[in-house]
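Student: Structure of the sequence below:
(one chain, ligands or ions: 1)
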Amino acid sequence: MARKGAAALFPAVLLVVWAAVGVSAEAPGEEDIIYSCAAVDRRIALTFDDGPHPTLTREIMGILEENGVTATFFLVGENAEWFPEIVREEAEAGFELGNHTRTHANLREADYPAICREIDEGERAVWENFEYRTRLLRPPGGCLSDDVIRAAKERDYTLVCWSVDTRDWAHTPTDVIVKNVLDNAEGGDILLFHDYISGDSPTPAALRILIPELKKRGFDFVTVSELIESSGKGR
Ligand SMILES: [Zn+2]
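Tutor: Next comes the predicted model:
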């Protein structure tokens, strides 16, 4: 399983040990988390976190629709409450929606009741608007713990992280994002973008270059659930 995005989850020293001993170091319950999927072909999933944003989300949806590709949006409940009409547009356009907690909380530092509250209220923020039921949960920052895994399992959620971090959230220049993705993307990858950051976003410009180029290279764009399904991990 590709683990290009796992660095955020482990201290550097652990990564060194992991590489040195040449074994797959498994964090507790890690088999329960999707970072990427073994792909039988060149399918990849674009994912966008933290929205909906009053302008950026629609701009990104427009680019995806112009290019005829699908994607998955992991919504922050509070933002969904602010901009329910955008959530509705995302769902009606056929994009997949996932839960990214209600307040973008660091779940690793939250106790069990707070984790449950963040998940349930994040879900309710979307469900109450237009009865969209998601079963994908992306923990903010990829921050996990045994309690997060337990709470997700109890609610029948699949925990989804990523295998390629575009670092668009850090205002990474467009050309750096493009090179990173083109150098690293493989079939089965889950690419992490954001449709909500403060200040100017490099994401729309990167997508305008990346999507046509990835298509040219034979990639098909699918939702996260479709990727999981096609890899045989679906339930
Ligand atoms: Zn996030």
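Student: Provide the contact partners of the longest helix along the chain at residue level.
Tutor: Longest helix in the chain by number of residues (criterion: DSSP state H): helix 112-130. With CB atoms under 8 Å, 6 or more residues apart in numbering as the test, helix 112-130 has contacts from 75-78, 80-81, 84, 87-88, 91, 97, 99-103, 105, 107, 110, 132-134, 137, 147-148, 150-152, 155, 157. C-beta here means a position set from N, CA and C on the backbone, and glycine is covered the same way.
Student: Return the subset of those residues lying in strands.
Tutor: 75, 97, 99, 137 (DSSP state E).
Student: How about the residues of this structure by the ion?
Tutor: 49, 50, 140 (CB under 5 Å from the ion).
Student: 8 Å - rerun?
Tutor: Applying CB under 8 Å from the ion, we find that the chain lies next to the ion at 49, 50, 74, 76, 100, 104, 138, 140, 141, 169, 194.
Student: number of nearby residues for the first one?
Tutor: This points to residue 49. 24 (other CB atoms under 10 Å).
Student: Which residues does it form beta bridges with?
Tutor: Counting by DSSP bridges, residue 49 forms beta bridges with residue 74, residue 194.
Student: hang on, it packs against residue 100?
Tutor: Yes. Using CB atoms under 8 Å, residue 49 is in contact with residue 100, at 5.7 Å.
Student: Name the residues contacting each of these two.
Tutor: Any residue near both residue 49 and residue 100 by CB under 8 Å, 6+ apart counts here, and that gives 74, 76, 138, 140.
Student: I'd guessed the first one sits against residue 138; true?
Tutor: Pointing back at residue 74 there. Yes. In this structure, residue 74 is within contact of residue 138 by CB under 8 Å, at 4.3 Å.
Student: intersection of neighbour lists for these two?
Tutor: Common neighbours of residue 74 and residue 138 (criterion: CB under 8 Å, 6+ apart): 47, 49, 98, 99, 100, 160.
Student: check contacts around the second one.
Tutor: Yep, that's residue 49 we're talking about. Contacts of residue 49 by CB under 8 Å, 6+ apart are 73, 74, 76, 100, 138, 140, 192, 193, 194, 195, 196.
Student: pLDDT score assigned to the residue most central in space within the chain?
Tutor: Residue closest to the mean C-alpha point of the chain, counted by CA atoms, centre = their mean, is residue 47 at 4.4 Å. On the pLDDT scale, residue 47 is placed at 98.
Student: Look up phi and psi at the residue nearest to it when sequence neighbours are not counted.
Tutor: Spatial nearest neighbour of residue 47, excluding adjacent residues (CB to CB, 6 or more residues apart in numbering): residue 72 at 4.8 Å. According to degrees, to the nearest 10, the main-chain angles of residue 72 amount to phi -120, psi 130.
Student: Any idea how far apart the tips of stretch 102-116 sit?
Tutor: End-to-end distance for stretch 102-116, by CA to CA, to the nearest Å: 11 Å.
Student: Just the buried residues of that stretch, please?
Tutor: By neighbour count on 16 or more other CB atoms under 10 Å, the buried set for stretch 102-116 is 102, 103, 104, 105, 107, 108, 110, 115, 116.
Student: and which of the shared contacts of residue 74 and residue 138 is nearest to the ion?
Tutor: Proximity of the shared contacts of residue 74 and residue 138 to the ion, judged by CB to the ion, is greatest for residue 49, which lies at 4.0 Å.
Student: Mean confidence (pLDDT) on the longest helix of the chain, please.
Tutor: Per-residue scores along helix 112-130 average to 91.
Student: can you give me the helices in the protein?
Tutor: With helices called from DSSP H, the chain shows them at 12-21, 56-66, 77-82, 84-92, 112-130, 146-154, 174-184, 203-216, 224-230.
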